[in-house]
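1. After the sequence you'll find the predicted model.
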Amino acid sequence: MQTIKLEVVNPNRPDVIVLISELDAHLLSLYPRESTHLLDIDTLTQPNIRFVLASIEGQAVGCGALRLQDGYAEIKRMYVRPQQRGTGVGYRILAYLEEIAGQLGFTVTRLETGVHQHDAMKLYERFNYVRRGPFGEYTNDPNSLCYEKRLVVE
C-alpha cells in the first residue's frame, strides 16, 4: 500500500497550480460557470484559508482547503486525480481537514458540491454530512447541494 502524505502548504506552487487547473477543467466540464464556485490561487493564499496537499511518493495526487468563516469552517477545493480515486485519498484529505477545523476550535463544517459529483456526495454522506439549505454565497442553484456536519471536539 502506498503512503499518502498530507500537509498544509502554500498553494502558490507548480504542483498545486496544476491540480487546481485540473479541478477547474473538471468542474467546468460538468457545470455552467455560474454554478461553479472556484477559489483561485490568490484567494487560496489568504490568511483565512488552510490548504492541504496529498502526495504519494512525492507526486501531488489530491487537495482540499478550509475557508475559515464566522462560526464555521467551509470545505473547499476537494480534488483527487482520477487514477487515485477509490484509494482512500479523498477520505484522508477530508478527515485531515476536519481535524484541522477542530484544532482551530470550529464545531461546524459546511460544504457545497455539485449534483453531478456522485462520488463526492457518497464520500460526504459517509462522513455524516447532512444536506442543508444554501449558506454564504450559495443560492438555490439546481446544480448545487449544500451539506453540514457538527464536529465532535474533544
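-> Everything's here; your move.
2. how about low-confidence regions in this protein?
-> When residues are selected by pLDDT under 70, those of the chain lie in 1, 153-154.
3. where do the strands sit along it?
-> With DSSP state E, the ranges of strands along the chain come out as 4-8, 49-56, 59-68, 73-80, 108-114, 130-132, 144-150.
4. Count the neighbours of the spatially closest residue to residue 116 that is not a sequence neighbour for me.
-> Nearest non-adjacent residue to residue 116, counting by C-beta to C-beta, 6 or more residues apart in numbering: residue 30, 4.7 Å away. Quick note: C-beta positions are derived from backbone N, CA and C, even for glycine. Other residues lying near residue 30 total 13 when counted by other C-beta atoms under 10 Å.
5. again, but for residue 11
-> A total of 24 residues lie near residue 11 under the criterion other C-beta under 10 Å.
6. need the contact list for it.
-> Residue 11 sits next to 17, 20, 41, 44, 45, 49, 51, 53, 63, 65 when contact means C-beta atoms under 8 Å, 6 or more residues apart in numbering.
7. The third one contacts residue 14, correct?
-> Which is residue 41. No - between residue 41 and residue 14 there is no contact under C-beta atoms under 8 Å: 10.9 Å.
8. Grab the longest helix from the chain for me.
-> Assignment by DSSP state H gives helix 14-30 as the longest helix of the chain.
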